[in-house]
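Enquirer: Quick one: sequence and predicted model below, then my questions.
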Amino acid sequence: MYKTVFAAIICLVSFVFNVKAQKVSDDKLKIGKNYEVAVYYFPNYHPDSINAKWHGKGWTEWEVVKAAKPRFPGHEQPKVPSWGYFNEADPKWAAKEIDLAADNGIDVFIYDWYWYSNTGQYLQEGLEKGFLKAANRNRLKFALMWANHDWVNIQPATFDKNRIKLTEGKVSAALWDTISRYIVEKYFKQPNYWKIDGKPYFSIYEIITFINGLGGIEEAKKAIQLLDEKTKKAGFPGVHFNIMSWMVNDHMVKSIIGPDAPANPKVMMESLGTSSVSTYCYVHHYTNLMTDGFPTVPVEKPFASAKEYWKEFTTAYPDILYTPNVSMGWDASPRCMQSDKFELGQYPWTPVFVGNTPAAFQKQLQEAKSFLDQYNPKHKILVLNSWNEWTEGSYLLPERKYGTQYLEAIKAVFGK
């Protein structure tokens, strides 16, 4: 009997000790986890029914990657992915991506997400059949950035300006009601959906397109409130609404239609209940993109421009959380028609950023970390461009020349 009682006491003490140890471990994890690293994911590397209509059965953007050629001396094209040309909608491949990202300090995949009025959902299967079906999906969080821009045929684009618009980014209030319901039910309720202060993160790429499509700022305000209400009914404290900062400037705000157009970006963001603002890539804030040289520009120049924007935004809008961006690189030449001349022109006929080595990338990450420490918001979030924007020259997936060195740079600075 005494042995039994003694054994029970030992078990109880051991249990209490383990609970306390686990609590200490969890507390240490919370203390050590001062930053969140999110990376944009462009899901055009799996067969899609809409792409089949536009480009042919089985087409993916891997075809554009393969077709790229050097356009000037020293130009490193085509890029050759170490893993080959895989199908991201296969959950086994998605599991490999998840492990690679999680093992190297990445916390979140922000999926570029599409829903158009004349096509419905587009490119969703990389997320829905790949990531969400992966056995290890809970190692990473995920979120949506609704890429509501017009879809123009740039796979590849011709040098002239006669671009074919395949679909339009504007949506009606009725379609938004359908979209917002789907977002809440299909994604927000997933256990590993990214939340900030308990609120599911949702981003819109072109906020001006969203506003004008609905008929003005008041209608857009109602639309975001509708999403917030649906989110609350689903059991959350509301939605964390994010917008892309390349649209947040006086020039763009002045293009908003309607008699109730906001006077400036601050009024616009407040009207929409904006929680945070992000940047997709360096190009969106690189004012000298078309004047600093061609065909190449040292990556230090766009990075310097990005750092200036970090300071400008956080000074001008101290009440809005800003998540700075670090971009691995920029080379949109694969999206140019390879038989056309390679000269400076409208996107994608832009300069190639050079000198973006893993060492340079790590230095930029360290500077971003220092900025976040100085800025010191409640949530220190860094967004990266990009996991797999191969045809814009910004990718973290392993490639023939550097392998996983860009990922190792993230781990060195932000790994846990």
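Expert: Yes, it's here.

Enquirer: longest strand of the chain?
Expert: Secondary structure assigned by DSSP state E gives strand 108-116 as the longest strand of the chain.

Enquirer: just checking, next helix/strand downstream of the worst-scoring helix or strand of the chain on mean pLDDT?
Expert: Least confident helix or strand, the chain: helix 2-32 with a mean of 39, by mean pLDDT, DSSP states H and E. Later in the chain than helix 2-32, the nearest helix or strand by DSSP states H and E is strand 35-41.

Enquirer: Contacts for that next one, please.
Expert: Under the contact criterion C-beta atoms under 8 Å, 6 or more residues apart in numbering, strand 35-41 has outside partners 101, 105-112, 126, 143, 145, 194, 280, 323, 369, 372, 379-389, 396, 410, 414. Where you see a C-beta, it was placed from the backbone N, CA and C, and this is true even at glycine.

Enquirer: Next, the angle strand 108-116 makes with that strand.
Expert: Put simply, strand 35-41 runs at 40 degrees to strand 108-116, going by axes from the mean of the first three to the mean of the last three C-alpha atoms, to 10 degrees.

Enquirer: Run me through the strand neighbours of strand 35-41, direction for each.
Expert: According to DSSP bridges, strand 35-41 forms sheet pairs with strand 108-116 (parallel), strand 380-385 (parallel).

Enquirer: Dump it to CSV, keeping only the CA atoms.
Expert: Below are the C-alpha coordinates for strand 35-41, written out as CSV (Å, rounded to 0.1, in the frame of the first residue of the first chain):
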residue,chain,number,x,y,z
TYR,A,35,9.1,38.5,-34.9
GLU,A,36,6.8,36.9,-37.4
VAL,A,37,8.1,36.2,-40.9
ALA,A,38,5.6,36.0,-43.7
VAL,A,39,6.3,35.2,-47.3
TYR,A,40,4.1,35.8,-50.4
TYR,A,41,3.2,32.7,-52.4
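
Enquirer: now that strand: how far from the chain's centre is it?
Expert: Counting by C-alpha atoms, centre = their mean, to the nearest Å, strand 35-41 is centred 7 Å from the centre of its parent chain.

Enquirer: ok, then the element right after it?
Expert: Next along the chain from strand 35-41, counting by DSSP H and E, comes helix 49-55.

Enquirer: which stretches of the stretch 251-400 of the chain form helices?
Expert: 265-271, 300-316, 358-375 (DSSP state H, counting those that start in this stretch).

Enquirer: Quick one: mean pLDDT over the second one.
Expert: This predicted structure assigns helix 300-316 an average pLDDT of 97.

Enquirer: Can you name every helix or strand that that helix contacts?
Expert: Where contact means 3 or more C-beta pairs under 8 Å, 6 or more residues apart in numbering; DSSP states H and E, helix 300-316 is packed against strand 321-323, strand 325-327, helix 358-375.
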